[in-house]
Each structure stands twice: as C-alpha cells, then as structure tokens.
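**Student:** Return atomic coordinates for the entry below.
(one chain, ligands or ions: 1)
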Amino acid sequence: MDSRRRSTSKASTAPPPHMKMGVGLHQHHNDKELKASDALPLPLYLTNAVFFTLFFSVVYFLLTRWREKIRNSTPLHVLNLSEIVAIFAFVASFIYLLGFFGIDFVQSILRPSADLWANEDEIDDAQSTDESILKEDSRKVPCGAGFDCPPPQIVNKEIVSPPSLVPTVLSEEDEEIIKSVVKGSTPSYTLESKLGDCKRAAAIRREALQRITRKSLTGLPLEGFDYESILGQCCEMPVGYVQIPVGIAGPLLLDGMEYSVPMATTEGCLVASTNRGCKAIHLSGGAASVLLKDGMTRAPVVRFASAQRAAQLKFFLEDPNNFENVSMIFNKSSRFAKLQTIKCTVAGKNLYMRFTCSTGDAMGMNMISKGVQNVLDYLQNDFSDMDVIGISGNFCSDKKAAAVNWIEGRGKSVVCECVIKGEVVKKVLKTNVAALVELNMLKNLTGSAMAGALGGFNAHASNIVAAVYIATGQDPAQNVESSHCITMMEAVNDGQDLHVSVTMPSIEVGTVGGGTQLASQSACLNLLGVKGANRESAGSNARQLATIVAGSVLAGELSLMSALAAGQLVRSHMKYNRSSKDVSKVSS
Ligand code: ADP
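**Tutor:** Here you go, the predicted model:
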C-alpha cells in the first residue's frame with residue numbers, strides 16, 4: 001500500500017479532527033480544480049511544444065528518407081537505426097497529439113473521478129459514512145461556518161486538506177459520545193443536560209446526524225451562535241443555524257419618527273420596493289398610525305353533559321358582576337397580564353371561551369395561557385361537571401386564518417395612513433393617482449372578494465410582515481393572521497393626491513420573550529428603538545413595533561401597487577436578476 005493510499009484509508013476510518021466536524025474536508029476545489037494535465041512533469045505548454053516539434057521533425061525526416069529510397073530503388077522495409085528511432089518518435093508524438101486535441105474530452109471524463117474526496121483511490125471503504133458524506137460534498141458549496149476556506153493543496157502528489165478554520169475540535173471523548181448517539185444508546189436530546197455545554201452538544205449532535213443520515217451539513221454553520229441563549233426557550237436539538245440576509249428599508253417617517261426597518265428575506269426586490277414606498281411616504285410628509293386595540297386572546301374548549309350547562313357557564317362568564325372576580329384570578333399569572341374581555345360561543349354541549357388580555361411588551365401567548373389555566377382551575381369549583389378538552393380550542397385563533405381575528409382583532413389592531421402627493425406618485429412611484437385607485441379597487445377589493453379572501457384585501461402585506469417578523473424575533477407562524485390587511489386608496493384634494501391606508505386588526509408582536517432576546521433579533525429591535533421591556537410604560541415598545549409593522553406594510557403596498565399600475569413589475573425583477581418564473585411570487 002503506498003503512502004497516499006495509507007493516509008486516505010486512515011481518513012476513512014478515523015478522520016482527523018478537522019474532518020470530524022464534517023466541514024474541513026468539504027471545503028475543496030473552490031478555487032482550483034484538478035485536471036488530468038496536472039499529472040505531467042512539465043507545464044502543459046512546454047510539453048506541447050516538445051511534442052509538436054518532435055512530430056513535425058520526424059515526419060519531415062521520414063518523408064525525406066522515403067523519397068531517397070524511392071530514388072535509389074532501396075526497399076522501404078529496410079531500416080537503419082535512425083529510421084527506427086524516427087518511427088518510434090513519430091508514433092509517440094502522434095499518440096500525444098491525439099490526446100492533446102481530445103484533452104478536454106478526456107478531462108470531462110476524468111473530472112468526476114478526479115474529484116478529490118470521492119475518488120475511489122482515496123477512500124477504501126465504499127460503504128463508509130465518511131465516504132457518502134464526502135461524495136455528496138463534491139458539490140461546489142460555500143464553506144460552512146461562514147468562513148472563507150483555503151483550497152486543498154497538493155503536497156508530494158498527495159492531496160492535503162487545509163486546516164479547518166472552524167475552531168471546534170472534537171476530542172476522543174466526543175468521538176465516543178458521537179458513536180453512542182449514532183448507535184442510539186445516548187438520546188440526542190439529552191446531550192445538553194449531560195454535557196452542560198450547549199455548543200459542544202450541538203457539534204456532537206451535528207456530527208452524529210451526518211453519520212446517521214449520510215448527508216452533509218456543509219453550508220449550515222455551527223460557529224458564531226450562542227447555543228445557551230436558545231436552551232429551553234427557542235429551539236431544541238440544534239445542529240446549527242440558517243443564515244438569512246437582513247436588508248434595511250427606510251427611513252420610514254411614521255408619527256414624526258424616522259425608522260430604519262430591518263427586513264430578513266431572501267426575496268429579491270422586496271427590500272428595494274419597500275424602500276421606495278418609504279421614500280414616497282417621506283417626501284409626502286410621513287405617515288400616521290392609530291392603535292385601536294391591544295389584546296392577546298386564548299380560547300379553551302370545555303365540554304358539558306348538555307348544551308344547557310354549557311350555556312350556563314357562558315352566561316356566568318359574560319355577566320359583568322362576575323368579571324372582577326374572574327379577572328383577579330386571571331391576572332395572578334403575571335403583573336403584565338390584564339384581563340379585558342371574555343367572549344363565549346357554544347357548539348352543542350361544548351363551550352369556547354375567548355379570553356382577551358393585555359400582555360405588556362410580550363406577545364403574550366405564554367402569559368395568557370397561564371391566566372386561562374388559573375380561571376379554568378377556579379371554575380372547576382362551581383362547574384365541577386366541566387370537562388376541559390383543551391386549553392386552546394381554536395376559537396383564539398392562533399396561526400390559522402379565521403374571521404374571528406379579522407373582525408374582533410388579536411394582538412394589536414392598527415390603522416396606518418398617509419396622503420401621497422400627486423407629484424410624488426408621478427416622480428417616485430412612476431404612476432398616477434387614478435391608476436392606483438382603480439387598481440386597488442379591482443385587485444385588492446373586488447379581486448379578493450371574488451376569491452373569497454379572509455383578511456387578504458391587500459397586495460402583499462405578508463411579504464413585509466414575514467421579513468420584519470424574522471428580523472425582530474417574532475413568531476413567523478403568526479404571519480398568517482398578522483398579515484390580515486385591507487388596503488384602501490382614494491383620490492383626495494380634487495383628485496390631485498392619494499390617500500392610502502392599511503388596516504391590520506391582528507398584528508401579534510412583542511419586544512420581550514421568545515426569539516426577541518436572541519442577539520441578532522435583539523440588535524434589529526434596538527435599531528428600531530424598541531428593544532426589550534419599556535420601563536416607563538409597559539407595553540409601549542410592543543405597540544410601537546406594531547405601528548412600525550403597519551407603516552412598513554403601507555410602504556410595501558404603495559410600491560408594489562405602483563409597480564403593477566405602471567407595468568413595471570417584470571422590468572424591476574429583471575433588474576434584480578430574478579427569473580421571470582419567480583415574478584408571480586412577489587406580486588402575490
Ligand atoms: P410570551 O408570553 O410572549 O410567550 P414570555 O412569557 O416568553 O412571552 O415572556 C414574557 C416574560 O417577560 C414574562 O415572564 C414577563 O414577566 C416578563 N416581562 C418583563 N418585562 C415585561 C414587559 N414590559 N411586558 C411583558 N412581559 C415582561
């Protein structure tokens with residue numbers, strides 16, 4: 001076994017530390033691909049020159065000799081030493097030149113097998129886990145962990161993987177734990193508690209996962225994230241994190257304040273478009289918002305033996321005389337929880353009680369659930385025949401499109417409006433007031449009515465809501481109802497200017513709890529000036545954030561509607577290198 005084979009077969013059974021993480025090895029042929037010509041002792045151009053010269057010289061020599069033999073009537077097959085050497089040189093150079101002209105073809109065949117890490121010469125055991133992970137990594141993927149990685153080097157004709165730039169090195173002890181996770185004797189979910197080191201747990205889980213699935217996680221970074229910060233709060237069994245770019249739209253001039261709005265998205269045009277809307281709003285003197293309601297909801301479902309008993313509890317809860325008592329019990333859940341209303345609906349002998357409460361700067365799902373549980377426990381005293389089926393009975397309604405949210409509101413109900421000057425409509429939005437009003441009527445109102453939309457009387461509110469939610473650590477699943485929005489447009493000031501508004505009844509946001517405390521999301525909240533709890537007036541940071549969401553939606557609606565009205569949509573996508581296939585995605 002030659003040294004090259006020895007070194008690689010070792011790698012397939014006991015990979016060096018940087019390979020164990022499944023990152024170092026994969027960081028190859030980013031810059032330089034191996035070619036068949038790399039095997040030549042001289043540079044390609046010199047080798048070519050030698051063989052070209054040799055070929056034409058011997059051809060000339062043999063032809064001359066052939067002519068002389070014909071003239072002297074010497075038999076052609078009688079050869080002297082120089083002629084024998086010339087014939088060998090001719091054959092050799094001919095073969096080389098044949099190879100030379102077909103070299104691209106030869107390389108195209110050789111390339112896959114010359115792939116450093118998937119080469120059969122390199123890996124002895126075709127079934128090994130490393131092999132299958134590495135084979136997959138023959139893709140040209142960016143380095144994991146967000147580092148630039150040097151290409152592999154060739155040292156003494158051996159391919160040497162560069163040292164990994166990822167500092168995490170798994171020890172022998174880690175290797176044992178990985179094996180035990182792969183075998184199933186250590187449950188993956190126990191790693192954090194067993195090791196007491198979240199980063200190490202994630203690294204071990206990641207490596208075990210790669211071996212179990214024989215799939216590479218290259219490209220999913222591990223480094224650069226605080227795994228302690230998500231423990232028991234944001235995500236279980238982490239193996240890395242997904243990177244989403246954050247763009248900035250703005251300044252958004254809203255209620256006299258300027259905001260730079262962070263938007264986490266991979267949708268081209270979205271930030272640029274929202275930015276254009278912000279510009280139109282700014283040049284028109286800014287937008288104004290009004291918060292109509294602020295209350296999170298939770299609706300448990302309980303069952304009785306009869307509809308009559310269900311109705312009795314409904315009347316009890318809706319009786320104003322009982323409210324004080326019930327709210328006192330509810331509010332014990334948190335100093336920020338304040339019960340506002342209880343609205344009930346009956347389905348047969350089942351009762352749905354929709355509790356609404358303010359939750360300070362928290363989005364409030366945890367808080368309200370605790371309050372509701374307190375009340376259910378209390379009600380068991382007088383309604384012992386009440387069977388609690390579920391603390392959430394979908395009349396809340398969380399993360400589902402539902403008319404109850406559209407009509408009653410959930411979280412923050414906000415209206416945001418602005419008068420866009422006719423001049424700005426023309427110069428910035430490249431359209432005119434009448435075209436916008438007509439399009440809004442036919443698309444956002446009539447079109448959505450024809451489609452039977454539920455809260456979807458807008459062009460693309462969910463685009464902006466999702467991007468701002470992800471950037472600021474909100475629950476992106478609540479985008480379903482948080483994007484409920486009706487966009488209205490009307491010509492004002494004798495048809496010169498445009499009055500535009502968005503009405504959004506269920507914006508569910510918080511500035512404490514959940515993902516808001518993570519470093520990057522917290523930085524985005526900080527940029528908006530609404531990070532964390534508001535010490536002077538609990539809840540005002542979350543309310544301000546809701547108005548910013550609505551203001552950003554206003555900007556997004558203005559810009560997309562204008563692009564549609566001006567027929568600019570396709571052109572603007574082409575400018576940002578979007579394929580025409582994707583255009584429909586943005587226009588929603
Ligand atoms: P959610 O209810 O949105 O799921 P969490 O329960 O995770 O949020 O976070 C709310 C926590 O933050 C509660 O324990 C609450 O006591 C605390 N908290 C601190 N300051 C505030 C504030 N200004 N508003 C709301 N909650 C706050």
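**Student:** Do a quick rundown of the strands in this protein.
**Tutor:** Assigned by DSSP state E, the strands in the chain fall at 153-155, 158-160, 246-254, 257-264, 288-298, 301-303, 338-347, 350-358, 387-390, 411-420, 456-457, 485-492, 497-507.
**Student:** Could you dump these into CSV and include mean pLDDT and distance to the ligand?
**Tutor:** For the C-beta atoms, the positions are set from N, CA and C on the backbone; glycine is no exception. Shown next, in CSV, are the strands of the chain (pLDDT from 0 to 100; distance: least, C-beta to the nearest ligand atom, whole Å):
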stretch, mean pLDDT, distance to the ligand
strand 153-155, 46, 50
strand 158-160, 43, 49
strand 246-254, 98, 22
strand 257-264, 98, 20
strand 288-298, 98, 8
strand 301-303, 98, 21
strand 338-347, 98, 11
strand 350-358, 98, 9
strand 387-390, 98, 18
strand 411-420, 98, 10
strand 456-457, 98, 26
strand 485-492, 98, 22
strand 497-507, 98, 14
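**Student:** Need those in JSON lines (columns: mean neighbour count).
**Tutor:** Output for the strands of the chain, formatted as JSON lines (neighbours: other C-beta atoms under 10 Å):
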{"stretch": "strand 153-155", "mean neighbour count": "10"}
{"stretch": "strand 158-160", "mean neighbour count": "14"}
{"stretch": "strand 246-254", "mean neighbour count": "22"}
{"stretch": "strand 257-264", "mean neighbour count": "21"}
{"stretch": "strand 288-298", "mean neighbour count": "20"}
{"stretch": "strand 301-303", "mean neighbour count": "20"}
{"stretch": "strand 338-347", "mean neighbour count": "17"}
{"stretch": "strand 350-358", "mean neighbour count": "23"}
{"stretch": "strand 387-390", "mean neighbour count": "13"}
{"stretch": "strand 411-420", "mean neighbour count": "24"}
{"stretch": "strand 456-457", "mean neighbour count": "22"}
{"stretch": "strand 485-492", "mean neighbour count": "20"}
{"stretch": "strand 497-507", "mean neighbour count": "25"}
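**Student:** JSON lines please, covering these and showing distance to residue 206.
**Tutor:** Formatted as JSON lines, the strands of the chain follow (distance: least, C-beta to C-beta, whole Å):
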{"stretch": "strand 153-155", "distance to residue 206": "26"}
{"stretch": "strand 158-160", "distance to residue 206": "24"}
{"stretch": "strand 246-254", "distance to residue 206": "25"}
{"stretch": "strand 257-264", "distance to residue 206": "23"}
{"stretch": "strand 288-298", "distance to residue 206": "36"}
{"stretch": "strand 301-303", "distance to residue 206": "40"}
{"stretch": "strand 338-347", "distance to residue 206": "44"}
{"stretch": "strand 350-358", "distance to residue 206": "41"}
{"stretch": "strand 387-390", "distance to residue 206": "36"}
{"stretch": "strand 411-420", "distance to residue 206": "36"}
{"stretch": "strand 456-457", "distance to residue 206": "40"}
{"stretch": "strand 485-492", "distance to residue 206": "40"}
{"stretch": "strand 497-507", "distance to residue 206": "36"}
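**Student:** of all these, which lies closest to residue 220?
**Tutor:** The closest of those to residue 220 is strand 257-264. By C-beta to C-beta, the value is 16.9 Å.
**Student:** For the closest one, which strands pair with it and how are they oriented?
**Tutor:** strand 246-254 (antiparallel) (DSSP bridges).
**Student:** contacts for the strand it pairs with?
**Tutor:** 258-265, 270-271, 274-275, 277-278, 281-282, 285-289, 416, 471, 520, 524, 547-548, 551-552, 555 (C-beta atoms under 8 Å, 6 or more residues apart in numbering).
**Student:** Also compute the angle for that strand relative to strand 411-420, please.
**Tutor:** Here the directions of strand 246-254 and strand 411-420 differ by 70 degrees (axes from the mean of the first three to the mean of the last three C-alpha atoms, to 10 degrees).
**Student:** show me where the stretch 201-350 of the chain has helices.
**Tutor:** Using DSSP state H, counting those that start in this stretch, the helices of the stretch 201-350 of the chain run over 270-283, 307-318, 320-331.
**Student:** contacting residues for whatever residue of the stretch 451-588 of the chain ends up closest to the ligand?
**Tutor:** Scanning the stretch 451-588 of the chain for proximity to the ligand using C-beta to the nearest ligand atom identifies residue 513 as nearest, at 2.6 Å. The contact partners of residue 513, by C-beta under 8 Å, 6+ apart, come to 362-363, 366.
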